[in-house]
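Asks: the following comprises the amino acid sequence and a computationally predicted model.
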Number of protein chains: 2
Amino acid sequence: MVDIVHKIGIKGPLAKVYQALATVDGIAAWWTRDTTGSSQQGGTIDLRFLTPEGQEKGRMRMVVSALESNRRVAWRFIEGPEEWIGTEVSFDLTEVDGYTIVLFAHKNWKETVEFTYHCSMKWATFLLSLRELVENGQGKPSPYDMKIDNWN
Amino acid sequence: MVDIVHKIGIKGPLAKVYQALATVDGIAAWWTRDTTGSSQQGGTIDLRFLTPEGQEKGRMRMVVSALESNRRVAWRFIEGPEEWIGTEVSFDLTEVDGYTIVLFAHKNWKETVEFTYHCSMKWATFLLSLRELVENGQGKPSPYDMKIDNWN
């Protein structure tokens, strides 16, 4: 099993970071604009990644597998890229030194492939997008996300 | 064993990316300004991380363990943070779709600790610094690096 892990500190209220992770509107403001579904515990959320012209490049479906108010959000992927099926993404939140600290993990990859390298870097840029959203009110969700390589 | 992996695509000549990884002056332009030593295969390079006022926050020593012209650079850490001793960083370079593709790995962490989360995110921002250096002529080496959390 292979895990992607990242830490980021956000100068903003923990409750605001939690809202950005625990609601459909929040996710749409930093990850992908085309986010729909139910963000309740056990709910299903659909994510589509489009070009600026509206053409679909990819899609995923995830189940909200953990939702602990102001502490933890986790998602389990049930549709999407083959490498993601069965993997779990989690965000653990704490307050330290005036920051909201996010410990991010994308766990249970079956093996380390080039797509893992891509996704690790891409997650880092989406966490920067989350920080911009909370600190400055404006994230960079897809299709306005930072491009990192020949894949996206 | 735990690995950090990232992929980044740089719109610039592979030889220029290689120079930024394979020379002391190159490293000093995207990772830390205070880089000294010998960048020959088997050579030892010292890295110091200072505050803008010049106070030392940390230091590391690494051995150049691989140096394959325009293909691969690797370093083995022999002094520095305890978690880094014995770990190896590598950069594998290829040209694809008009990009120089960098596959980055920081391998052989003994365990996944909070410092691993921090370093993974921090490496992502240093790879963005490397890209800025090659594409625009100006990286963000320490102490001008992007700060990501309460640790740095």
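Replies: Here it is on my side, so go on.

Asks: who's in contact with A:Thr116?
Replies: A:2, A:4, A:83, A:109, B:5 (CB atoms under 8 Å, 6 or more residues apart in numbering or on different chains). Where C-beta positions appear, they are placed from N, C-alpha and C, glycine not excepted.

Asks: tally of neighbours for the third one?
Replies: A total of 15 residues lie near A:Glu83 under the criterion other CB atoms under 10 Å in any protein chain shown.

Asks: what's the closest non-adjacent residue to it?
Replies: A:Phe115 (5.4 Å; CB to CB, 6 or more residues apart in numbering or on different chains).

Asks: confirm the one you found sits in a helix?
Replies: Yes - looking at A:Phe115 with DSSP: H, G, I helix; E, B strand; the rest coil, it is inside a helix.

Asks: my read: it touches A:Gly80, true?
Replies: No - counting by CB atoms under 8 Å, A:Phe115 does not reach A:Gly80; the two are 11.6 Å apart.

Asks: among the contacts of A:Thr116, which pair sits farthest apart?
Replies: Largest separation among the contacts of A:Thr116 by CB to CB: A:Glu83 and B:Val5, giving 13.2 Å.

Asks: point out where chain A drops to low pLDDT.
Replies: Scanning chain A for pLDDT under 70 picks out the ranges A:1.

Asks: show me what from it comes close to chain B.
Replies: Residues of chain A found near chain B (CB under 8 Å from any CB of the partner chain) are A:2-9, A:96-99, A:101, A:103-105, A:112, A:114, A:116-118, A:120-121, A:124-125, A:127, A:148-151.

Asks: which residue comes closest to the residue located most distally from the centre of chain A once chain neighbours are left out?
Replies: In chain A, the residue that sits farthest from the middle, by CA atoms, centre = their mean, is A:Asp97; the gap is 24.0 Å. Excluding the flanking residues, the one nearest A:Asp97 by CB to CB, 6+ apart is B:Asn150, at 4.2 Å.

Asks: toward the C-terminus, what is the element adjacent to the lengthiest strand in chain A?
Replies: Assignment by DSSP state E gives strand A:56-68 as the longest strand of chain A. Using DSSP states H and E, the helix or strand that follows strand A:56-68 in sequence is strand A:72-79.

Asks: against which helices or strands is the helix or strand that that next one is followed by packed?
Replies: Of the helices and strands lying after strand A:72-79 in sequence (DSSP H and E), the nearest is strand A:88-96. Secondary structure elements in contact with strand A:88-96, counted by 3 or more CB pairs under 8 Å, 6 or more residues apart in numbering or on different chains; DSSP states H and E, are helix A:14-22, strand A:56-68, strand A:72-79, strand A:99-109.

Asks: let's have those in a markdown table, adding mean neighbour count.
Replies: Below are the helices and strands packed on strand A:88-96 laid out as a markdown table (neighbours: other CB atoms under 10 Å in any protein chain shown):
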| stretch | mean neighbour count |
| --- | --- |
| helix A:14-22 | 20 |
| strand A:56-68 | 16 |
| strand A:72-79 | 19 |
| strand A:99-109 | 20 |
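
Asks: out of these, which is closest to B:Glu88?
Replies: strand A:99-109 (20.6 Å).

Asks: ok, residues contacting the closest one?
Replies: For strand A:99-109, using CB under 8 Å, 6+ apart, the contacting residues are A:1-14, A:16-17, A:83, A:86-95, A:116, A:119-120, A:123, A:127, A:130, A:134, B:114, B:117, B:149-150.

Asks: using CSV, write out every CA atom in that strand.
Replies: The C-alpha trace of strand A:99-109 is given here as CSV (Å, rounded to 0.1, in the frame of the first residue of the first chain):
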residue,chain,number,x,y,z
TYR,A,99,-2.9,28.2,12.2
THR,A,100,-5.5,25.7,11.2
ILE,A,101,-3.4,22.7,10.5
VAL,A,102,-4.6,20.3,7.8
LEU,A,103,-3.1,16.8,7.8
PHE,A,104,-4.1,15.4,4.4
ALA,A,105,-3.8,11.7,3.4
HIS,A,106,-4.8,9.8,0.2
LYS,A,107,-4.3,6.2,1.3
ASN,A,108,-4.4,2.6,0.1
TRP,A,109,-3.0,3.0,-3.4
